[in-house]
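Visitor: for reference, the sequence and a predicted model appear below.
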Amino acid sequence: MTLSIDSILITIGFFWLIRTVKAVLFWIYLWQLKEYHIGRFLDHFRTHKGKRLFFSYLFIIKLLLLVLIFINFPAALYILLIVYLAEAILPLAKGLKLPKWTIKTAFLCFISVITVVGFLIVVKNPLWLLAFDILAPLAVSVIVLAFQPFFVMARNRILGKARQKMAEFKNIKVIAITGSFGKTSTKEFLTTILLSKFNVLSTPEHKNSEMGIAQTILKDLNEKHQIFIVEMGAYSKGGIKLLCNMVKPSIGMVTGVNEQHLATFGSMENLLSAEGGQELLYSLPQDGLLVVNGDNKYCMDLYKEAKIDKRVYSLKNDKVDSDIFADEVTVGENCLDFLAITKKGETSHFNVNILGKQNIQNLLGAILVSKEMGMNLDDIARAAKSILQSQAGIKLLNGLHGIKIIDSSYSSNPDGVMADLDYLNTFKGKKVVVMPCLIELGKKSQEIHYQIGKKIAKVCDMAIITTQDKFENLKKGAVQEGMPEDKIIFSEKSKGIFHTITTFCKQGDAVLLEGRVPSELVKLLEKK
């Protein structure tokens, strides 16, 4: 029995509607993931995954079908029906990418779905349905950008209310923390230490943008708070200045600067202006204080530029005249042990349940600011014992078969990768790293991945890379440093990676999960 043309068209329309609504949800999810930042959204299409959205067999088939339907090739409709049937059903088995539901995403989804349904009602021609399908990313992007000015107006009203509320709190001490890396851990450490003596509010995890900070002010800040610690993030020049205008910090910290997000800033000059701390420095009052990481070149350039009161912290005291530094450092599998020494000769022993030598650097920054707030070193050392391992962004888990799992999957940047590999190197037995290639590094991406590859070869017995973007650059560095080619593997399937690890590793071996690896893999490896 053959279907009539009308039946085929109705069926195509039905399955087209299902798959196109799914596509709409995905594209809004992606815009939200990139924080509605055009630069970050476009940069996604420079990655292998982004390119695969367009340069795929399915996309080519649809382009061919567009031509065949245009020239009225009879079998094209049947092929299109099969394609849309598959697209409507198969993605359900893989899971549907949904945006996090907010008023904004709900509104954008509603408008987009109404547009899709309206298009189907008005235009039943499969040629136009297919054209809409191919251009769906553009259609959704037009909707997102068309309504963005209204959301910006609403955002500005919220920011204005937050500024007004902040102006009411004359006596609160605001500490602003920015940088390319280390700012979240430093904020967490500083919050825990200061809570032992003061009533402290700090911005919660993932809330370092203008809206996150404004919402924290409006919902959580009250007259009992003595200190407000604000983590500041930005993806464009002027972003940190906007945040400083809202919260009016008197102490500014810059934890470390590198090429992370260079692609979205467009130039190192723009990056140094925002994440590099220049906007923060020039937003501080004349009696304000700048605190920087003395082990970072860009931070020290900012330090030299500053004309206000300033402090510097570093791991050692051999390159800069540090206000605080560390000595007698021991990096254990489960803790950090060191002696903190001030410029004035004060000392105190610290034993903290966090991982990775890089976190001594973050701790020193938090210790230095805590001293500026009137705490002594011994009190700070006692308070630091309350810091949780999870606050450092890296955890040691008990894995299956006695394998040690180092979970540093929160986020990743070039300095963080190198530091985590140093920590992995403290373990005995075989060592494996699982990580994606890094994103938003701009023109320096190839060289950075080549250097990461060389570092991996020095530390690891095996590397599993979960994205293809700069895999060849990373592999080249590893192989040139002496790592066998068959020990640096590309694999993006969680179950395949799990099988490789559990086949290669035994009890006592260590696996570093670096950056945004699949969450399913963490669950598979962790001992229940």
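Guide: Received, thanks. Residues are numbered from 1 along each chain as shown.
Visitor: so the residue nearest the centre of the chain, which of the three states?
Guide: Among the residues of the chain, the one closest to the centroid is Ser411, at 4.7 Å (CA atoms, centre = their mean). Assigned by DSSP: H, G, I helix; E, B strand; the rest coil, the conformation of Ser411 is coil.
Visitor: and it, how far from Phe181?
Guide: Noted for Ser411: a distance of 9 Å to Phe181, by CB to CB, to the nearest Å. Where C-beta positions appear, they are placed from N, C-alpha and C, glycine not excepted.
Visitor: can you pull the domain assignment for the chain?
Guide: 5-148, 169-389, 395-525 (automatic domain parsing).
Visitor: for Ile488, what are phi and psi?
Guide: Note on Ile488: its backbone torsions stand at phi -120, psi 110 [degrees, to the nearest 10].
Visitor: count of residues packed around it?
Guide: Other residues within reach of Ile488, judged by other CB atoms under 10 Å, total 23.
Visitor: tell me the bridge partners for it.
Guide: Judged by DSSP bridges, the bridge partners of Ile488 are Ala463.
Visitor: correct me if wrong: it contacts Ile456.
Guide: Yes: at 7.3 Å, Ile488 counts as touching Ile456 under the criterion of CB atoms under 8 Å.
Visitor: and for these two, which residues touch both?
Guide: Among the neighbours of Ile488, those also in contact with Ile456 (CB atoms under 8 Å, 6 or more residues apart in numbering) are 463, 474, 478.
Visitor: thinking again about what came up before, as CSV, the domains of the chain with mean pLDDT and distance to Arg163 would be great.
Guide: Formatted as CSV, the domains of the chain follow (pLDDT from 0 to 100; distance: least, CB to CB, whole Å):
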stretch, mean pLDDT, distance to Arg163
domain 5-148, 89, 21
domain 169-389, 93, 5
domain 395-525, 90, 29
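Visitor: mind putting these into TSV with distance to Lys161?
Guide: TSV is the format used below for these (distance: least, CB to CB, whole Å):
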stretch	distance to Lys161
domain 5-148	16
domain 169-389	6
domain 395-525	30
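Visitor: got a list of contacts for the helix or strand where Lys476 lies?
Guide: Using DSSP states H and E, Lys476 sits within helix 471-480. With CB under 8 Å, 6+ apart as the test, helix 471-480 has contacts from 437, 445-447, 449-457, 463, 465, 485, 488, 490.
Visitor: give me that answer again for 10 Å
Guide: For helix 471-480, contacts defined as CB atoms under 10 Å, 6 or more residues apart in numbering pick out 48, 435-438, 445-458, 460, 463, 465, 470, 483-485, 487-490.
Visitor: report the buried residues of the host helix or strand of Tyr78.
Guide: Per DSSP H and E: Tyr78 is located in helix 75-94. Buried residues in helix 75-94, defined by neighbour count with 16 or more other CB atoms under 10 Å: 76-77, 80-81, 83-85, 87-88, 91.
Visitor: out of the shared contacts of Ile488 and Ile456, the closest to Ile61 would be?
Guide: Distances from Ile61 to those, taken as CB to CB, are shortest for Leu474 (32.3 Å).
Visitor: given the helix or strand hosting Val291, what are its sheet partners and their directions?
Guide: Assigned by DSSP H and E, Val291 belongs to strand 289-293. Here strand 289-293 is paired, per DSSP bridges, with strand 251-254 (parallel), strand 309-313 (parallel).
Visitor: shared neighbours, Ser411 and Phe181?
Guide: Contacts common to Ser411 and Phe181, judged by CB under 10 Å, 6+ apart, are 260, 393.
Visitor: what subset of the contacts of helix 471-480 is buried?
Guide: Judged by 16+ other CB under 10 Å, buried ones among those: 435-438, 445, 448-457, 460, 463, 465, 470, 483, 487-489.
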